[in-house]
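Asker: How does the following fold in three dimensions:
(2 chains)
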Amino acid sequence: MTNILGISCYYHDAAAALVQNGDVVAGAEEERFTRRKHDSGFPRNAIHFCLDCTGVAARDLDRVVFYDKPLKKLERALVTARGYGDRADRMAEWHLSNFVHRESRIAEDGAETLGVAIPVEYCEHHLSHAASAFYASPFERAAILTVDGVGEWATTGIYAGSPAGIEQLKEIRYPHSLGLFYATLTAYLGFEVNEGEYKVMGLASYGKPTYDDRVGELLQLHEDGSFRNNLDFYAYMYDREAMYTSRLVDLLGPPRAPNEPVTERHRNIAASMQKLCEEALVRLARAARRETGIDLLCLAGGVAHNVVANSRVLNEAGFAEIFVQPASGDSGGAIGAALHAHHRVSPAQRRPVADYDTCIGPSFTDTEIEEALHRFGAAHERLEPEELPRRAARLLADNFVVGWFQGRMEFGPRALGCRSILANPCDARMKDILNARIKYREDFRPFAPAVLEERSADYFEHPGKSPYMLFCPPVKREKRELIPAVTHVDGTARVQTVSKTLNPRFHALIAEFGRLTGVPVLVNTSFNIRGEPIVCSPTDALKCFYGTDIDFLAIGDFVVGKSF
Amino acid sequence: MDEISDRDERAEADRKSAALLRRLMELVPEPDAAASSDGTWTVRRKSDFDTSDLYGDP
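Answerer: Residues are numbered from 1 along each chain as shown, chains lettered A, B, ... in the order given. You can find the predicted model right below:
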């Protein structure tokens, strides 16, 4: 029995994950416990959860693995700062302080949290991403592509995965970065970096890429898949506050302030940068295909959350199948670091994963749930287990919005039917209702559909499964009017296919909704409100339920109403 | 009076910190423009994958 604890922290989205004999058995982001979105602090709560949930004692951990190499990262920061002289002093100071006070103390923080000193290893950032995708994939061999802002030096990596392990072939190094290109324009458009990239992707569908030429000056794509950022437009190399220079403002016009109305110009810039990002990712994927000669692809790194680009890669890069790690951002690095350490020690045990399960977080017993219900004085009814999906489906068919809290919490940014808010996709008003009364978010952001896996082909032009909402195929033309609440302005949808194997209760709910309405599809959005992490515990769920206009809550075997 | 003294102490600490940083930066090598600034692929060495050392081999 081997127990390896993976950790990511001190940048954004801290997390911990436990790998036992090569299987990811527990994991969670720290933000879910502290209730601070993107919490980057040492993941004490997540570590304790991993141990408590599996019954593994801290002394039985074989090793702890951190998801990047702090000294290499510091080297990159200082060498880069050296090239920019006095302008970069504050940047260098910050990195030095971060290293001295936080990242060099991983072993001490670990020992303090665990109560015992366990050997700590450090896995390169992009190798952590690569491992998080390949070792969770159903493939024996695969090309692996990792793309994000930056790790130590690498911003992009191509690897080959085989039964022997992962071999790195090529990388693109900082400051040239597709992730930082996207982040810079996200900041220019008035959205928060590492948070607003999704919003820009949604906004892009409303615009036309009329800024192609100008945005193209920021990022030059090469035939071999590599790219080059024109550093005249960027300031992230030497300034922690500003991502871009006045040259970018000269090129594109005044930046948008965070609360300023979104105009056609903003939409068109978003469309242009999204198009360039897609083109870059397709070229990188083709390069990975050429380099490895393998037609199966694993994808990870923050840019792999760009579901529109993922769909283009699937359609245009020549791969038969693609597996995208559902937690492709830095939190998933905790999973990858632990998996890499396991397979480095025990390569013979590697077995492809048929149905990777992201539901590795906390779960709660009906007794714990009932205690919380009493504490809140919640009007509730306990149902027989098989009755609960039927009741919830009826409520959804009657156009009520239902909070759905079931089983173990998902790891990663998407709610996949364990901590979800659900609604009827057939009602065209539902998107506005959810945006205005429950999620309190921008009206241009689309909602995703969850569909029975076996009925997906009837509604979406997507080959095969999409269990983690990581692709954005067109909704079949004849179905668009049938499910307007989940059909984006460009006719696409970020679809989740739901199988009996991975989530039987959610599958039963959608099947029953399909029986009642003829449409085996639901709106599935994460159980949280703007600016807060997805709910973790029954208490979090009840706070969100009573703080919004969610009509009913299906939590464990209980249905909670506001006016029973 | 205490406020002024605190401010002076902070300013002195900032000066020392800036001087230390300047000395440290003199030890940092100049960026190797040819190695990392052209945005094209860099082929990696096998030894770079070692995870058993503490922080890697900068």
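Asker: low-confidence ranges in the chain?
Answerer: The chain I'm using is chain A. Chain A contains residues with pLDDT under 70 at A:349, A:563-564.
Asker: Oops, wrong one, chain B.
Answerer: Those would be B:1-2, B:31-39, B:45-58, if you go by pLDDT under 70 across chain B.
Asker: can you give me the helices in it?
Answerer: Using DSSP state H, the helices found in chain B span residues B:2-27, B:33-36.
Asker: what's the closest of the ones you listed to chain A?
Answerer: Among the helices of chain B, the nearest to chain A by Cβ to the nearest Cβ is helix B:33-36 (4.3 Å). (Glycine included, C-beta is placed from N, CA and C.)
Asker: Strands of the stretch 1-150 of chain A, start to end?
Answerer: In the stretch 1-150 of chain A, strands defined by DSSP state E, counting those that start in this stretch lie at A:3-8, A:15-20, A:23-29, A:63-66, A:120-122, A:142-147, listed in chain order.
Asker: could you check the angle strand A:15-20 makes with the third one?
Answerer: Think strand A:23-29. Orientation check (axes from the mean of the first three to the mean of the last three Cα atoms, to 10 degrees): strand A:23-29 against strand A:15-20 gives 170 degrees.
Asker: Show me what strand A:23-29 is packed against.
Answerer: Helices and strands touching strand A:23-29, as assessed by 3 or more Cβ pairs under 8 Å, 6 or more residues apart in numbering or on different chains; DSSP states H and E, comprise strand A:15-20, helix A:44-54, helix A:331-345.
Asker: quick one: buried residues of that strand?
Answerer: By 16 or more other Cβ atoms under 10 Å in any protein chain shown, the buried positions in strand A:23-29 come out as A:24, A:25, A:26, A:27, A:28, A:29.
Asker: Against chain B, how distant is the last one?
Answerer: What that stands for is residue A:29. Shown here: residue A:29 relative to chain B, a distance of 23 Å by Cβ to the nearest Cβ, to the nearest Å.
Asker: what pairs with that residue across the strands?
Answerer: Using DSSP bridges, the beta-bridge partners of residue A:29 come out as residue A:15.
Asker: how close does it sit to residue A:481?
Answerer: The span separating residue A:29 from residue A:481 equals 38 Å under the rule Cβ to Cβ, to the nearest Å.
Asker: next one: the second one
Answerer: Between residue A:25 and residue A:481 the computed distance is 44 Å (Cβ to Cβ).
Asker: same thing with the fourth one?
Answerer: The spacing between residue A:27 and residue A:481, counted by Cβ to Cβ, is 40 Å.
Asker: biggest helix in chain A by residues?
Answerer: Assignment by DSSP H; longest helix in chain A turns out to be helix A:264-292.
Asker: now the angle from that helix to strand A:142-147?
Answerer: Using the same axes, to 10 degrees, helix A:264-292 lies at 150 degrees relative to strand A:142-147.
Asker: now helix A:264-292, how far from the centre of its chain.
Answerer: Distance of helix A:264-292 from its chain centroid, counting by Cα atoms, centre = their mean, to the nearest Å, is 19 Å.
Asker: cool, stretch A:298-311 as well?
Answerer: On the basis of Cα atoms, centre = their mean, the separation between the geometric centre of stretch A:298-311 and that of its chain is 9 Å.
Asker: Stretch A:29-39 too?
Answerer: 14 Å.
Asker: Likewise for stretch A:513-527?
Answerer: From the chain centre to the centre of stretch A:513-527 is a distance of 23 Å (Cα atoms, centre = their mean).
Asker: closest point of the stretch 1-150 of chain A to chain B, which residue?
Answerer: Counting by Cβ to the nearest Cβ, the stretch 1-150 of chain A gets nearest to chain B through residue A:71 (3.4 Å).
Asker: could you measure that residue against residue A:144, distance?
Answerer: Residue A:71 sits 25 Å away from residue A:144, going by Cβ to Cβ.
Asker: From chain B, how far out is residue A:199?
Answerer: Relative to chain B, and taking Cβ to the nearest Cβ, residue A:199 is found at 27 Å.
Asker: same question, residue A:364
Answerer: Here the distance between residue A:364 and chain B works out to 36 Å (Cβ to the nearest Cβ).
Asker: and if you look at residue A:360?
Answerer: The separation that residue A:360 has from chain B, given Cβ to the nearest Cβ, amounts to 23 Å.
Asker: For that residue, which non-adjacent residue is closest in space?
Answerer: residue A:27 (4.6 Å; Cβ to Cβ, 6 or more residues apart in numbering or on different chains).
Asker: hang on, isn't the one you found packed against residue A:16?
Answerer: Yes: taking contact to mean Cβ atoms under 8 Å, the distance of 6.5 Å between residue A:27 and residue A:16 places them in contact.
Asker: Now do the shared contacts for those two.
Answerer: Here residue A:27 and residue A:16 share the contacting residues A:6, A:46, A:50, A:334, scored by Cβ atoms under 8 Å, 6 or more residues apart in numbering or on different chains.
Asker: Derive a PyMOL selection command for the buried subset of those.
Answerer: This is how PyMOL selects the buried members of those, with burial counted by 16+ other Cβ under 10 Å:
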select buried, chain A and resi 6+46+50+334
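Asker: okay, the shared contacts of residue A:27 and residue A:16 in CSV with distance to chain B next?
Answerer: Rendered in CSV, the data for the shared contacts of residue A:27 and residue A:16 read as follows (distance: Cβ to the nearest Cβ, whole Å):
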residue, distance to chain B
A:6, 12
A:46, 21
A:50, 20
A:334, 14
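Asker: between the shared contacts of residue A:27 and residue A:16, which is closest to residue A:86?
Answerer: The shortest separation between residue A:86 and any of the shared contacts of residue A:27 and residue A:16 is 36.9 Å, and it belongs to residue A:334 (by Cβ to Cβ).
Asker: who's in contact with the closest one?
Answerer: With contacts defined as Cβ under 8 Å, 6+ apart, residue A:334 is in contact with A:6, A:7, A:8, A:15, A:16, A:17, A:27, A:43, A:67, A:128.
Asker: Can I get these in JSON lines including distance to residue A:519?
Answerer: Written out in JSON lines, the entries for the contacts of residue A:334 read as follows (distance: Cβ to Cβ, whole Å):
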{"residue": "A:6", "distance to residue A:519": "40"}
{"residue": "A:7", "distance to residue A:519": "43"}
{"residue": "A:8", "distance to residue A:519": "39"}
{"residue": "A:15", "distance to residue A:519": "36"}
{"residue": "A:16", "distance to residue A:519": "39"}
{"residue": "A:17", "distance to residue A:519": "36"}
{"residue": "A:27", "distance to residue A:519": "34"}
{"residue": "A:43", "distance to residue A:519": "40"}
{"residue": "A:67", "distance to residue A:519": "41"}
{"residue": "A:128", "distance to residue A:519": "40"}
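Asker: Of all pairs in those, which one is the farthest apart?
Answerer: Of all pairs drawn from the contacts of residue A:334, the one with the largest separation by Cβ to Cβ is A:43 and A:128; the distance is 14.6 Å.
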